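**Q** Sequence and computational prediction follow.
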Amino acid sequence: MSVFALFRTKPATTSSSEAKEKALDWAKRFYKVGAQVPRNVVAPTEETAGYFIPTLYKYGEKAIAIELAKWEASRQRPDGAFSGADGVPYTFDTAQVIRGFLATLDDVPELLQPLERACDYVESQIDARGKVCTVSFSGWRLRDGSIFSDYAHLYALPPLLEAGRRLSNARYIEAVDRGINYFRKQPDLVEFKPDLGTLSHIFGYMMEALAELDQVDLARKGLARAAEIQRRDGAIPAYPGVNWVCSTGMAQLAAAWYRIGDDAPADRALEYLQSIQHPSGGFYGSYGKKAQYFADKEIGWAVKYFLDCFLLKHELTEASNLVSGGRL
């Protein structure tokens, strides 16, 4: 059997607008405070709610976003950190809550104090070398005993940088600069490794963070590795050497491509995601033989990045239209 046959699906039967609306409806059902979550859906965490808030906000769902942000504030630990599903505080998770606070701050100014406390915590975890530290990796551990790549902590830097700029806090900005310098020195940073610890979901965090931090040269190098293994139908293996796909990772890589203006591979990945979207509007974490990432559960972060892709694609199209119209 051809390897391409392993990824072949029926053509998408819904339009992009319909797929987007289905995904947004899914988010509104399950990413609101007090939602009843069925067994086949992974419940929101402080981390995933944190980075879902800006997406909801941009889609005009401000009431749900603000309610989530207030819920986040009620969950903050005395040291300013936020916890994972295991109750352990994580630097990464805390940084994602910062994204949610920043998105809602103008409408909910009382979030300033929890925002600053969360930023203080994340800044305190970036050491003198620029390495982003965390008190535990227990929630990052995989079934085979390995852990997700520590390079995922790149994704903790953009929200701290945005906070530093908006709050005029040089300490936050300096911590991010140290972090960028540390990561740039890592010789294998943009290597799409053939192991579960750097599956496309984690690699996607890394690539989108590089794009957000204006490290476009590195983002292009890493995304070129993903493009090398992208299938003709748009599918991207979860990591080199396997035949299953991670839905979230594909959406994140597409988002990163849109951020750097490379729409062709992004469009193909987005079209493939539309073809595997469930009638519910959601996605399992992975698909295919021997899939290893939430293969029987719908996960919110796949929906979040899928929705982000449409926003970024629209922004890129608008920018292109301005250029072609001679207005830039």
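**A** That came through, no problem. All of these numbers come straight from a predicted model, not from anything done at the bench.
**Q** Might one say that residue 127 is in contact with residue 175?
**A** No: look at residue 127 against residue 175 with C-beta atoms under 8 Å: they stay out of range, at 9.4 Å. Using the backbone N, CA and C atoms, a C-beta is placed for each residue, glycine as well.
**Q** Settle it for me: which of the two has more neighbours?
**A** residue 175 (24 against 13; other C-beta atoms under 10 Å).
**Q** surely the more buried one meets residue 120?
**A** No: Residue 175 is not in contact with residue 120 according to C-beta under 8 Å; the separation is 10.3 Å.
**Q** what are the phi and psi values for residue 53?
**A** The phi/psi pair for residue 53 (degrees, to the nearest 10) reads phi -60, psi -50.
**Q** ugh, wrong one, residue 89
**A** phi -70, psi 140.
**Q** neighbours around the residue nearest to it when sequence neighbours are not counted, how many?
**A** Once flanking residues are discounted, residue 89 sits nearest to residue 81: 3.8 Å by C-beta to C-beta, 6 or more residues apart in numbering. Residue 81 has 24 neighbouring residues, counting by other C-beta under 10 Å.
**Q** Next, count neighbours for the closest residue to residue 141 other than its chain neighbours.
**A** Leaving aside its sequence neighbours, residue 141 sits nearest to residue 147 (C-beta to C-beta, 6+ apart; 5.1 Å). A count of neighbours around residue 147, defined by other C-beta under 10 Å, yields 15.
**Q** and what of residue 122?
**A** For residue 122, using other C-beta under 10 Å, the count is 29.
**Q** pLDDT of stretch 212-221, averaged?
**A** Across stretch 212-221, pLDDT averages out at 98.
**Q** distance between the ends of that stretch?
**A** With C-alpha to C-alpha, to the nearest Å as the measure, stretch 212-221 spans 15 Å from end to end.
**Q** for it, which positions count as buried?
**A** Buried residues in stretch 212-221, counted by 16 or more other C-beta atoms under 10 Å: 212, 213, 215, 218, 219, 220.
**Q** Might you report the residue contacts of the fourth one?
**A** With contact taken as C-beta atoms under 8 Å, 6 or more residues apart in numbering, residue 218 is in contact with 184, 189, 190, 210.
**Q** try 6 Å
**A** The contact partners of residue 218, by C-beta atoms under 6 Å, 6 or more residues apart in numbering, come to 190, 210.
**Q** check which helix or strand covers it.
**A** helix 216-229 (DSSP states H and E).
**Q** how much distance is there from that helix to the middle of the chain?
**A** 17 Å (C-alpha atoms, centre = their mean, to the nearest Å).
**Q** Am I right that residue 294 falls within a strand?
**A** No: applying DSSP: H, G, I helix; E, B strand; the rest coil, one finds residue 294 to be coil, outside a strand.
**Q** Residue 111 versus residue 208, what's the distance?
**A** Distance, residue 208 to residue 111, using C-beta to C-beta, to the nearest Å: 24 Å.
**Q** between the two, which one's more packed in?
**A** Taking other C-beta under 10 Å, residue 208 and residue 111 do not tie; residue 208 has more neighbours (27 against 22).
**Q** Wait, a helix at that one?
**A** Yes: the assignment for residue 208 is a helix, going by three-state DSSP.
**Q** mind listing what it touches?
**A** Going by C-beta under 6 Å, 6+ apart, the list of residues near residue 208 reads 252, 255, 256.
**Q** residue contacts, residue 45?
**A** By C-beta under 6 Å, 6+ apart, the residues touching residue 45 are residue 85.
**Q** So residue 30 versus residue 207, what's the distance?
**A** Distance, residue 30 to residue 207, by C-beta to C-beta: 27 Å.
**Q** typo on my end, residue 257
**A** Applying C-beta to C-beta to residue 257 and residue 207 gives a distance of 8 Å.
**Q** same thing with residue 230?
**A** For residue 230, the distance to residue 207 - C-beta to C-beta - is 13 Å.
**Q** got it, and residue 85?
**A** In terms of C-beta to C-beta, residue 85 sits 25 Å off from residue 207.
**Q** Of these two, give the one with the bigger neighbour count.
**A** Ranked by neighbour count (other C-beta under 10 Å), residue 85 and residue 207 place residue 207 first, with 32 against 14.
**Q** List the residues that contact the closest residue to the more buried one other than its chain neighbours.
**A** Leaving aside its sequence neighbours, residue 207 sits nearest to residue 256 (C-beta to C-beta, 6+ apart; 4.0 Å). Counting by C-beta under 6 Å, 6+ apart, residue 256 makes contact with 207, 208, 211, 223.
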